[in-house]
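Novice: Let me see the structure of the following:
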Amino acid sequence: MEFRTRLVIRRRNKRAYVAYAGLVIAASALVVYLIPPIQDYYPYVFGIGIAIVVIGALIARGDVRNYGLSADELVVSLEGITVGSVFYPMRMVRNMNFNVEAYNGLYVNDGAMVSGSKSDGMTNDLTFESGSGKVSVGFYLESQAHVQQLGVVFDAFYRARMPFIERNRGQQTYLFQHLSGVELEEFKRKYGYA
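Specialist: Numbers count the residues shown, from 1 in each chain. Take a look at the predicted model:
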């Protein structure tokens, strides 16, 4: 059994630089506001910055993200972890840490937007240490079924008592669940940790 997905990589959409420049101009309006002799120009600088952000977003066709999907894959199994073309045998992997945020299309309300939004599934990451040093990769979760495939691998890790940590929004989870004290003790008994 294995979990297979595509890697998330940093990429540059050159058309989005106009939008980024607009953000810098809008933020510089705060500096203008703090300088009394030119304070009256604050609304103009801020307005120009926002206008450039909108124009930049239109030029970039709405894609102002600085990350995207790679052709390379991440494969996780009991035997090891494959990142692109590099295989790390599980006996060489230490401090394995999965941060599972959301799958593509999941409604999330992280406080950034009043109404929330749908996730693009690209905010998940895996870090671990190997003989070659620390490895950190982002990975894509396509759907809820894809998350369940990862859960099957997590279940196998727990049954094999492999040391790893799974997290969601910085808090440790167990098979994607935040467990209370009693639930955690029951979980530990089920998998032989108690």
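
Novice: going forward, measure contacts between C-alpha atoms and count neighbours the same way
Specialist: OK.

Novice: Work out which residue lies at the spatial centre of the chain.
Specialist: The centroid of the chain falls nearest to Thr123 when counting by CA atoms, centre = their mean (1.9 Å).

Novice: Relative to Gly68, how far out is it?
Specialist: Distance, Thr123 to Gly68, by CA to CA, to the nearest Å: 10 Å.

Novice: After the one helix or strand Ile52 maps to, which helix or strand is next?
Specialist: According to DSSP states H and E, Ile52 maps onto helix 42-59. Later in the chain than helix 42-59, the nearest helix or strand by DSSP H and E is strand 67-77.

Novice: Now the helix or strand that comes right after that next one - C-alpha only, PDB.
Specialist: Later in the chain than strand 67-77, the nearest helix or strand by DSSP H and E is strand 80-83. C-alpha atoms of strand 80-83 as PDB (Å, rounded to 0.1, in the frame of the first residue of the first chain):
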ATOM      1  CA  GLY A  80      10.200   4.400   2.100                       C
ATOM      2  CA  ILE A  81       9.600   7.800   0.600                       C
ATOM      3  CA  THR A  82      10.200   8.700  -3.000                       C
ATOM      4  CA  VAL A  83      10.600  12.400  -3.800                       C
END
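
Novice: Show residues contacting strand 80-83.
Specialist: Residues from elsewhere that reach strand 80-83, judged by CA atoms under 8 Å, 6 or more residues apart in numbering: Asp72, Glu73, Leu74, Val75, Val76, Phe87, Tyr88, Pro89, Met90, Arg91, Val93.

Novice: switch to 6 Å and redo it
Specialist: Leu74, Val75, Phe87, Tyr88, Pro89, Met90 (CA atoms under 6 Å, 6 or more residues apart in numbering).

Novice: Next, the angle from the lowest-mean-pLDDT helix or strand in the chain to helix 42-59.
Specialist: Least confident helix or strand of the chain, by mean pLDDT, DSSP states H and E, is helix 17-34 with a mean of 73. Counting by axes from the mean of the first three to the mean of the last three CA atoms, to 10 degrees, helix 17-34 lies at 170 degrees to helix 42-59.
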